[in-house]
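S.K.: Sharing a sequence plus its predicted fold:
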Amino acid sequence: MQRMIAPEISTWPDSDFRLVGGSCGDCGATVFPVQELCPRCSRPAFGAVNLPAEGVLVSWTTQGFLPGAPYLGNETAKTFVPFGVGLVQLGDVIRVEGRLTENEPQKLQFGMRVGLTTVPLGTDADGNDVLTFAFRPL
């Protein structure tokens, strides 16, 4: 069985898979993930909003070492494979940081189009395959 790392952050397993952010009903700020209070106006006026599934790569790097706790991947220091991490502008709505399916810098470009997808992260204590969101070049 598969599950998303945090079910509340996306519409997975819907066929129109999207990240779920929050939109402040008072000032219009958008956040990801949803927060209790708006970082712009400090009011608790958030409603859920599906974020765009495609965006533009603004910045990126390669995660070259095993992340620390509370990382849920099953790798060890010996089995860890570096992965790309990018900052993606989703429409004119928000910038989201996430994994990239590509980790070779020469294959990435500022402004390249990317789309939302999932990648395996590891296996939980119940034997379920855990997925996380990522962005892939289009």
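M.R.: Cool, the structure landed.
S.K.: so Leu66 sits in a strand?
M.R.: No. Going by DSSP: H, G, I helix; E, B strand; the rest coil, the assignment for Leu66 is coil, not a strand.
S.K.: all numbers from here: first residue = 30
M.R.: All right, first residue 30 from here; so that's Leu95.
S.K.: ok, for it, nearest residue in space, not its chain neighbours?
M.R.: Phe109 (4.5 Å; Cβ to Cβ, 6 or more residues apart in numbering). (Glycine included, C-beta is placed from N, CA and C.)
S.K.: ok but the one you found is inside a strand, no?
M.R.: No. Phe109: not assigned to a strand; according to three-state DSSP it is coil.
S.K.: Return the distance of it relative to Val143.
M.R.: Per Cβ to Cβ, to the nearest Å, Phe109 is found 23 Å from Val143.
S.K.: Checking Val117 next. Helix, strand or coil?
M.R.: strand.
S.K.: Quick one: residues contacting it.
M.R.: Gly84, Val85, Leu86, Val87, Arg124, Val125, Glu126, Gly127, Val143, Phe164 (Cβ atoms under 8 Å, 6 or more residues apart in numbering).
S.K.: can you do 6 Å?
M.R.: The neighbourhood of Val117, defined by Cβ atoms under 6 Å, 6 or more residues apart in numbering, consists of Gly84, Leu86, Val125, Val143, Phe164.
S.K.: Tell me how many other residues surround the last one.
M.R.: So the one you mean is Phe164. By the criterion of other Cβ atoms under 10 Å, Phe164 has 30 neighbours.
S.K.: swap in the second one?
M.R.: With neighbours defined by other Cβ under 10 Å, the count for Leu86 comes to 21.
S.K.: Next: the fourth one.
M.R.: Other residues lying near Val143 total 25 when counted by other Cβ under 10 Å.
S.K.: any idea how far it lies from Gly76?
M.R.: Val143 is 26 Å from Gly76, by Cβ to Cβ.
S.K.: Next: Ser88.
M.R.: In terms of Cβ to Cβ, Ser88 sits 29 Å off from Gly76.
S.K.: now Cys56
M.R.: Counting by Cβ to Cβ, the gap from Cys56 to Gly76 is 13 Å.
S.K.: neighbour-wise, which of these two wins?
M.R.: Neighbours around Cys56 and Gly76, counted as other Cβ under 10 Å, are more numerous at Cys56. The numbers are 13 against 10.
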